[in-house]
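1. here is the input, now give the coordinates:
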Amino acid sequence: MTKQNVMISEKNSTSGLMTTITVAMSNSSLFSSAAQKPPARPGGGYLAISRKKLLKQLEIEGSARINAWVDSMKASSPTHIKSSACLASTDDHQRSWILHHPSALSMFEQIIDASKGKQIVMFLDYDGTLSPIVEDPDRAFMSDSMRAAVRDVARYFPTAIVSGRCRDKVYNFVRLAGLYYAGSHGMDIRGPTKGPKYKKRNNQGVLFQPASEFLPMIDEVYKALLEKTKSITGAKVENNKFCLSVHYRCVEEKKWTVLAEQVRSVLKEYPKLRLTQGRKVLEIRPTIKWDKGKALEFLLESLGFANCNDVLPVYIGDDRTDEDAFKVLRERGQGFGILVSKIPKDTNASYSLQEPSEVMDFLHRLVEWKRLTARHN
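-> Got it, this is the predicted structure:
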């Protein structure tokens, strides 16, 4: 994508002088079709364009972006009652989807067969995977029984919690010392504070924060978003250290456009930040090439499994951001992604589970299988 320097000339009505502003724009964003492409630039390398025309084009582009955000927000949050014909079609779609993404519980033996001679490494998302989705993100507590299941899994397998949450916050939810924690979508990674049984391959000293330089900017945007969204009832801005989350689960749907406009009004001043979307949340993070998939690869390398064939990574998650990890596993042809969802979704995961209670059942079965195997050996 090339950049175009655009020169805007404006005449001051009192002095008669011309004021010139130079703006760096992307050709593809400013001129969306061949008919709109600018004429050849003059020798000075600038294109003369009226201020009114440029501002109008920017307004159109901004509105289109907001509309796309709101459409995506609605698509991931269905609220309308479906007709019987639509429900029948949905049932057909559900059955077809399950065929391609069968339950990890019903396919448990197949997963275990694939693990023979390999070290299973567990990667677990938090919200919607280990804890239920709740209206107040500060109250997304995991149950004691789920905590016990994760603790048991970590006794037998290297285990990491990979979340969009701040690492310290997700640690306070989980409260287990023998795990890896990758917060802020993997931009803040720390190893276990005490070594479990598999410690021969465990690098406890790992600490990785590839987006540290963005901390002042993130704090600045957090304060701006708090101010911009304070008039929107139900909106909540969460500071996850290396990224920000704007929750709209408790915002009326008719206010989503206003919320999207407020978020965009802040982000347009920060081109080094990008916006992604999760379940009833808009997420702002640095534009660096880092995500949950990169975090998975980094953790495998830290555990000593880089370029190894004797490892089977299993990643369980429920959100769009987990797709980055599912995609890495599919491209590696190694391990499995398991999507937690009651409804069909486009996904790179191989298997599915419907809700956190099924995740806990899967973890229990994994531990029981490992215990039985250890007894026989």
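
2. Ala149 is in contact with Leu124, correct?
-> No. Contact criterion Cβ atoms under 8 Å: Leu124 and Ala149 do not qualify, at 10.2 Å. C-beta here means a position set from N, CA and C on the backbone, and glycine is covered the same way.

3. got the phi/psi numbers for Ser131?
-> phi -130, psi 160 (degrees, to the nearest 10).

4. who's it bridged to?
-> Under DSSP bridges, the beta-bridge partners of Ser131 are Asp127.

5. from Ala140, how far out is it?
-> Distance, Ser131 to Ala140, using Cβ to Cβ, to the nearest Å: 5 Å.

6. which neighbours do these two have in common?
-> Shared contacts of Ser131 and Ala140, defined by Cβ atoms under 8 Å, 6 or more residues apart in numbering, are found at Phe173.

7. for Asp152, give its distance to Thr373.
-> The gap separating Asp152 from Thr373 is 14 Å, by Cβ to Cβ.

8. before we move on, what about Thr287?
-> On the measure of Cβ to Cβ, Thr287 and Thr373 end up 45 Å apart.

9. next one: Ser245
-> Ser245 is 40 Å from Thr373, by Cβ to Cβ.

10. who's more crowded, those two?
-> Using other Cβ atoms under 10 Å as the criterion, Ser245 and Thr373 rank with Ser245 on top: 20 against 11.

11. check which helices and strands the strand or helix carrying the more buried one sits against.
-> Assigning secondary structure by DSSP states H and E places Ser245 in strand 244-247. If you count contacts as 3 or more Cβ pairs under 8 Å, 6 or more residues apart in numbering; DSSP states H and E, strand 244-247 packs onto helix 215-229, strand 236-239, strand 281-286.

12. need these in JSON lines (columns: distance to Phe298, mean pLDDT and mean neighbour count).
-> Below are the helices and strands packed on strand 244-247 laid out as JSON lines (distance: least, Cβ to Cβ, whole Å; pLDDT from 0 to 100; neighbours: other Cβ atoms under 10 Å):
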{"stretch": "helix 215-229", "distance to Phe298": "20", "mean pLDDT": "97", "mean neighbour count": "16"}
{"stretch": "strand 236-239", "distance to Phe298": "23", "mean pLDDT": "96", "mean neighbour count": "19"}
{"stretch": "strand 281-286", "distance to Phe298": "16", "mean pLDDT": "94", "mean neighbour count": "23"}
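
13. adding distance to Leu300, write these out as CSV.
-> Shown next, in CSV, are the helices and strands packed on strand 244-247 (distance: least, Cβ to Cβ, whole Å):
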stretch, distance to Leu300
helix 215-229, 27
strand 236-239, 29
strand 281-286, 22
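
14. of all these, which lies closest to Lys116?
-> strand 281-286 (38.3 Å; Cβ to Cβ).

15. got the CA coordinates for whichever helix or strand comes after that closest one in CSV?
-> With elements assigned by DSSP H and E, the helix or strand that comes after strand 281-286 is helix 292-302. Extracted as CSV, the C-alpha positions of helix 292-302 are listed here (Å, rounded to 0.1, in the frame of the first residue of the first chain):
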residue,chain,number,x,y,z
LYS,A,292,-2.5,-15.6,20.9
GLY,A,293,-1.1,-17.7,18.0
LYS,A,294,2.3,-16.1,18.4
ALA,A,295,2.1,-16.5,22.2
LEU,A,296,1.4,-20.3,21.7
GLU,A,297,4.5,-20.6,19.5
PHE,A,298,6.6,-18.7,22.0
LEU,A,299,5.5,-20.8,24.9
LEU,A,300,6.2,-24.1,23.0
GLU,A,301,9.7,-22.8,22.3
SER,A,302,10.1,-21.8,26.0
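
16. give the other helices and strands that the very next helix or strand once past helix 292-302 contacts.
-> Downstream of helix 292-302, the next assigned helix or strand under DSSP H and E is strand 311-317. Where contact means 3+ Cβ pairs under 8 Å, 6+ apart, strand 311-317 is packed against strand 119-124, helix 292-302, helix 323-332, strand 336-340.

17. mind giving me the packing neighbours of the helix or strand following the shortest one?
-> Downstream of strand 336-340, the first helix or strand assigned by DSSP H and E is strand 351-353. The helices and strands touching strand 351-353, judged by 3+ Cβ pairs under 8 Å, 6+ apart, are strand 336-340.

18. now the angle from the strand it packs on to helix 292-302?
-> Orientation note: strand 336-340 sits at an angle of 140 degrees relative to helix 292-302 (axes from the mean of the first three to the mean of the last three Cα atoms, to 10 degrees).
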